[in-house]
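# whatever this is, show me its structure:
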Amino acid sequence: MVACVSTIPVLWYFVYAPIHELSHLLAAYLVGAWILDVKLIPSRLGETAVAWIGAEGFTSEWTRLIMTASPYVLDLVSIAAGMYILQRKLSRNAFRIGFLFMVLCLRPAFDLVCETMSYASGFRGDLYHIALSIGDPATWALLTLSLVFSAYAIVIVLERFKGFPPADDHRIQTPLAPTFMKSTALLLLTALTIAPLHAQTTSIDSPDRHFGISLHNGNSAAAGSWFLTVCDKRSDRQTVIIPRIALGLSRSDEDFSKDLRLVSTTAPKTITEDYTALHGKRSHCTNAATQIVATFENS
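Alright, predicted model coming up:
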């Protein structure tokens, strides 16, 4: 029982990000986009916000929407499949049932909760870009329905295994229900602890949404050489106009352009400048920009 309770949360840690990002990758491939950068698993224990898929070359707003929304469609399909499969009680093995419950129900539910928290806090991740396509009210309506369905499915499955197996079933030496519930409780505690640390791929758009900048790591490890990609979004087909702007500083005594690890990024902030020019045809000038601050440390 101890092995079951301790192993399932560890497995969740290593399957959550790959499943989410691989669904992005598959959808991007199916709509004809090209993949710029891929990071699927943490490079070291304790990392949670270092998985991403960088893709460009979408032919329309709808193809980008398909790629962006693909993990959440998979979440709902997984929860529905998990509720159907687990209600049938096809196995009495606590580890097998706990693992299926984690992959098919708890993992997608955590994904939906975590992304909703990020969206509500103003982070410009997947849900922000979905809202740009379908509108904020529609996005919140879909999120609400998805969260209610997730909670309903989890409660149904837990109720289904309450008191299972029967007390007169002497074939099972270790009761399944207590083991299953302890695994679930520990996994939920792990998810709630890690949820605030989750983040999406760092990218911002100009205030008029004509241009976009995304931050990428050139290495497969968490520490590496980071660069920016600039895209023109004014046409139906998004175009990469500057594929790589290297970040960092190289000095004669130290190289701060390699082995950089992303420590944190701030939330996007709109900056507006209003000033009077000393020279030129226009005396009164205004400029607007979107800003994030990324902090790195050298390994």
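# ok, which stretches of the stretch 1-150 of the chain are helices?
2-30, 61-87, 94-101, 107-120, 126-134, 136-160 (DSSP state H, counting those that start in this stretch).
# helices or strands up against the third one?
The one in question is helix 94-101. In terms of contacts (3 or more CB pairs under 8 Å, 6 or more residues apart in numbering; DSSP states H and E), helix 94-101 is packed against helix 2-30, helix 61-87, helix 176-194. Bear in mind the C-beta positions are built from the backbone N, C-alpha and C, glycine included.
# pick out the shakiest of these, pLDDT-wise.
Among those, helix 176-194 carries the lowest mean pLDDT, at a mean of 53.
# relative to the helix or strand just after that helix, what are the paired strands and their orientations?
Once the chain leaves helix 176-194, the next helix or strand it forms, by DSSP states H and E, is strand 203-205. Paired neighbours of strand 203-205 in the sheet (DSSP bridges): strand 211-217 (antiparallel).
# other residues contacting the partner strand?
36-37, 39, 52, 54, 201-206, 224-234, 238, 262, 265, 294 (CB atoms under 8 Å, 6 or more residues apart in numbering).
# quick check, distance from that strand to the centre of its chain.
16 Å (CA atoms, centre = their mean, to the nearest Å).
# can I get that strand as PDB, trimmed to CA atoms?
What follows is strand 211-217, C-alpha atoms only, in PDB (Å, rounded to 0.1, in the frame of the first residue of the first chain):
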ATOM      1  CA  PHE A 211       3.400  41.500 -33.800                       C
ATOM      2  CA  GLY A 212       4.400  38.800 -31.400                       C
ATOM      3  CA  ILE A 213       7.600  37.900 -29.500                       C
ATOM      4  CA  SER A 214       8.200  34.400 -27.900                       C
ATOM      5  CA  LEU A 215      11.000  33.300 -25.700                       C
ATOM      6  CA  HIS A 216      12.800  30.000 -26.400                       C
ATOM      7  CA  ASN A 217      15.600  27.800 -25.100                       C
END
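# pLDDT averaged over that strand, what's the number?
83.
# just stretch 143-156 next, same as before
Averaging pLDDT along stretch 143-156 yields 93.
# give me the buried positions along that stretch.
Across stretch 143-156, burial judged by 16 or more other CB atoms under 10 Å covers 143, 146, 149-150, 153-154.
# again with stretch 261-268
261-262, 265, 268.
# can you list those residues in a markdown table and add distance to Arg92 and secondary structure?
What follows is the buried residues of stretch 261-268, written out as a markdown table (distance: CB to CB, whole Å; DSSP: H, G, I helix; E, B strand; the rest coil):
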| residue | distance to Arg92 | secondary structure |
| --- | --- | --- |
| Arg261 | 45 | strand |
| Leu262 | 45 | strand |
| Thr265 | 46 | strand |
| Pro268 | 50 | coil |
